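**Student:** take this sequence and fold it.
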Amino acid sequence: MLAVLALAAGAYAAALETSVFAVDRIDVARGPPRLQAELREALAPEIGRSLLRVDSAEIARRTAPIPDLAGVSFDRRFPHTLRIRATAERPVLLLRRGADTWLVSARGRVMRKLHTPKLSSLPRTWVKKGTPVVIGEFLAPDRGGIAAAALAPLPRGTFPSSVRFVRASATELTLVLSSGMEVRLGDLGDLRLKVAIARRLLHRLEAGAATTGYVDVSVPERPVAKSP
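**Tutor:** Have a look, this model is predicted:
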């Protein structure tokens with residue numbers, strides 16, 4: 001028995017140090033082409049390393065700077081393939097600072113700068129001139145983070161018309177719809193409940209052709225709706 005264990009240990013040690021299981025292919029299982037290319041580039045140093053030496057902490061370290069990436073996991077496909085499963089960031093917001101625009105994810109991460117923002121239908125929010133914006137970093141609550149958090153749980157078609165922009169401050173969180181209607185949320189507390197209530201009220205109001213006004217669900221137990 002000891003001889004068998006010693007033989008197995010020797011074989012494992014040899015596999016660690018030789019090219020018998022060396023990575024020669026990185027297979028990215030999912031994700032948009034841009035993200036797949038970024039992952040292959042970030043993980044290129046793994047080529048030639050034994051699959052037995054591939055480490056989740058090292059994979060995480062190499063891929064952490066990719067601003068389009070929300071999460072990653074991997075499988076060893078012996079004898080030579082490292083298979084990567086990627087979860088992409090979900091864009092929900094355009095952050096505007098003067099003439100500059102950045103794409104922001106549902107987690108409030110700055111994904112990249114946009115040079116043609118007019119081509120996007122995503123909601124906008126604005127920050128003051130001089131506000132620092134760094135690609136790959138997460139926005140502070142008062143620098144667009146609250147706006148992203150408010151949009152994160154909203155699936156397409158939540159309201160009768162799309163969200164056009166977000167006003168967010170220490171005292172106000174309001175979604176302005178493309179119809180002109182405002183959804184006044186107050187803060188992020190009980191957000192899903194507030195959105196559900198606002199959705200019911202809006203469908204009633206806009207069924208009657210209301211295109212301006214507001215619903216105020218900042219206190220969900222006492223919602224207020226006003227239309228012209």
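**Student:** which one is the most centrally placed residue in the chain nearest to, not counting chain neighbours?
**Tutor:** Ranked by distance to the mean C-alpha position of the chain (C-alpha atoms, centre = their mean), the top residue is residue 89 at 3.1 Å. The shortest distance from residue 89 to any non-neighbouring residue, by C-beta to C-beta, 6 or more residues apart in numbering, is to residue 105 (3.7 Å). Every C-beta, even on glycine, is put in place using the N, C-alpha and C of the backbone.
**Student:** quick one: that neighbour and residue 87 touch, right?
**Tutor:** No - the criterion here is C-beta atoms under 8 Å, and residue 105 misses it with residue 87 at 11.1 Å.
**Student:** between these two, what contacts are shared?
**Tutor:** Common contacts of residue 105 and residue 87 (C-beta atoms under 8 Å, 6 or more residues apart in numbering): residue 70.
**Student:** which one of the two has more residues nearby?
**Tutor:** Using other C-beta atoms under 10 Å as the criterion, residue 105 and residue 87 rank with residue 105 on top: 22 against 13.
**Student:** next, count neighbours for the nearest residue to residue 86 once chain neighbours are set aside.
**Tutor:** Leaving out its chain neighbours, the residue that sits closest to residue 86 by C-beta to C-beta, 6+ apart is residue 31, at 4.0 Å. By other C-beta under 10 Å, 20 other residues sit near residue 31.
**Student:** you'd agree residue 31 is up against residue 39?
**Tutor:** Yes - counting by C-beta under 8 Å, residue 31 touches residue 39, with 7.2 Å between them.
**Student:** overlap of the contact sets of the two?
**Tutor:** residue 86.
**Student:** partner residues bridging the residue nearest to residue 89?
**Tutor:** Following DSSP bridges, residue 105 is listed with bridge partners residue 91.
**Student:** which other residues reach stretch 32-43?
**Tutor:** The contact list for stretch 32-43 (C-beta under 8 Å, 6+ apart) reads 26, 28, 31, 59, 62-63, 65-66, 68-69, 72, 82, 84, 86, 88.
**Student:** try 6 Å
**Tutor:** Here stretch 32-43 makes contact (C-beta atoms under 6 Å, 6 or more residues apart in numbering) with 26, 28, 62, 63, 66, 68, 84, 86, 88.
**Student:** buried stuff in it?
**Tutor:** 35, 36, 38, 39, 42, 43 (16 or more other C-beta atoms under 10 Å).
**Student:** kind regards, and thank you for your time.
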